[in-house]
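Asker: With the input below, show me the fold.
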Amino acid sequence: MVRTVLRLAAIASLFIAGFTVTPTTAAWAEADCSPPQEKTFSLPGKPDVWVGAELCVYTRGTGNNQKQAILSINWQGSFLGGTRFDKFIAEVRVERYDIIYGNEQCNWKSDLNSISDSEGRMWDCYAYYNSSLNGGWTADGRIIYNINNDGKGDMIWDLTGSGQVAVAPDGTETEQPSTEEPTS
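Answerer: Numbers count the residues shown, from 1 in each chain. Presented below is the predicted three-dimensional model:
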């Protein structure tokens, strides 16, 4: 019970501290993120590792043409020496109505195996796609992992994707696709 309360407090502090990704390189016309997600990885002979994940979709550019999906993770756990993962690949996708338009994989196995800190913000994985189509854009993704010495092989953690977003003709964010393209 105490461990659960402490873990929930840690989760809350990570998300309150600004876990949500906010790109700073351009003005984003619209954005939507998945709910925070978490998984505890049981590592044989080593302390467990908790991972928090979030998927966000953004649009920007003239006519809001660039779509960007971001998979961000935080982690917490005691990282004593040794190999933790034989595989840890983040896959993020830009989708429109569940059709994949952009896909990227980030291999974080070496990074996770060399961490010595007990918690912190980790890396972001990005996928991009350019399109003038409006509405239905989401971010989706998964983590493909293989825990060292657990005998199970590759496993998949399917993440809950972001909500759909669109831009209304007046340029404001809406959850419904518009029938008109926004004005530039």
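Asker: low-scoring pLDDT stretches of the chain, where are they?
Answerer: 1-29, 61-64, 79-81, 116-122, 167-184 (pLDDT under 70).
Asker: That one: strands as residue ranges?
Answerer: For the chain, strands defined by DSSP state E occupy the ranges 30-33, 37-41, 49-60, 66-77, 85-96, 99-107, 119-130, 137-147, 155-158, 166-167, 173-174.
Asker: out of those, nearest to Asn113?
Answerer: Asn113 sits nearest to strand 85-96 of all the strands of the chain, at 6.2 Å, using Cβ to Cβ. No exception for glycine: its C-beta is placed from N, CA and C like everyone else's.
Asker: For Tyr97, see how far away the nearest residue to Arg96 once chain neighbours are set aside is.
Answerer: Spatially, and ignoring its direct neighbours in sequence, Arg96 is nearest to Gly136 (4.6 Å; Cβ to Cβ, 6 or more residues apart in numbering). According to Cβ to Cβ, to the nearest Å, Gly136 stands 4 Å off from Tyr97.
Asker: if you count what's nearby, which of these two comes out ahead?
Answerer: When Gly136 and Tyr97 are compared for neighbours, Gly136 comes out ahead with 15 against 11, by other Cβ atoms under 10 Å.
Asker: Identify the residues contacting the more buried one.
Answerer: 96-97, 164, 166, 177 (Cβ atoms under 8 Å, 6 or more residues apart in numbering).
Asker: How about the contacts made by the closest residue in space to Lys87 that isn't next to it in sequence?
Answerer: Spatial nearest neighbour of Lys87, chain neighbours left out: Asn146 (3.8 Å); criterion: Cβ to Cβ, 6+ apart. Asn146 is in contact with 85-88, 152-155, counting by Cβ under 8 Å, 6+ apart.
Asker: distance of Asn146 from Phe88?
Answerer: Taking Cβ to Cβ as the measure, Asn146 and Phe88 are separated by 8 Å.
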